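>>> Sharing a sequence plus its predicted fold:
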Amino acid sequence: MDKRSQRRALFGRIRALSKEEKAEHSARIRALLEDHPAISPENTILAFLPLKSEPDLTPLCFPDSTGRTTRWGFARIDGDGHLSFLLAESVAECLRSDFGLLEPDPRRCRPVDEENVRLVLVPGVGFDPHTGARLGRGRGHYDRFLARLLDLPNPPEFVGIAFSEQLGPLDPEDHDVPMHAVVTERGWLRPAST
């Protein structure tokens, strides 16, 4: 099956989930991530502000308590199609892009220091739990960004975030960057090949 057909099939599975199921699954995924050792005051974590088809990590990243210490960076796509991450402390520091995505406001949020990033929570259309392969939306934004992080002296861990309906066999291409792990509402998956 080609990537376009795979995306269509996976989006169909996601659409079959009710709003309540997505909310329950998202809460379980957040609970599984809470104890990750990288989520600590000295580190920066990269995450995403969700589309309707993606798990919602927002309450994990923007907790109500004032004791928030972990630095969270969120994805932003610039006019040239490059993916970058900016630090944001609340949804109020974000705005809707021309594509309808919620992104950090570059006038209010400063760029992430990539050297301090210890964990990247990566969205996707699909993930292969056996190989760590990821199927994105087809533009290569994340693959280019993650490939650059791999060149750092101490690269971070890449963790795919998905509903269990998004898991299945994938045929990666040479430029695709595999995940070190995948988290769904059913738990952590560590591919044998990573």
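That came through fine.
>>> wouldn't Pro191 be in contact with Phe158 here?
No: in this structure, Pro191 is not within contact of Phe158 by Cβ atoms under 8 Å, at 11.0 Å. The C-beta positions use only the backbone N, C-alpha and C, and glycine is treated the same way.
>>> which residues are common contacts for these two?
178-181 (Cβ atoms under 8 Å, 6 or more residues apart in numbering).
>>> and which of these is nearest Phe127?
Nearest to Phe127 among the shared contacts of Pro191 and Phe158: Met179, at 6.5 Å, using Cβ to Cβ.
>>> quick one, what contacts that closest one?
Taking Cβ under 8 Å, 6+ apart, one finds 122, 127, 132-134, 158-160, 191, 194 in contact with Met179.
>>> ok, so of the shared contacts of Pro191 and Phe158, who is nearest Asp35?
Proximity of these to Asp35 (Cβ to Cβ) peaks at Ala181, which lies at 13.6 Å.
>>> per-residue confidence for the most centrally placed residue in the chain?
What sits nearest the mean C-alpha location of the chain, by Cα atoms, centre = their mean, is Val122, with 2.3 Å. Val122 is assigned 97 on the pLDDT scale.
>>> Which residue, other than its chain neighbours, is closest to Gly124?
Leaving aside its sequence neighbours, Gly124 sits nearest to Arg134 (Cβ to Cβ, 6 or more residues apart in numbering; 4.5 Å).
>>> Ok, Glu54 next?
In space, Glu54 is closest to Pro123, 4.9 Å off (Cβ to Cβ, 6+ apart).
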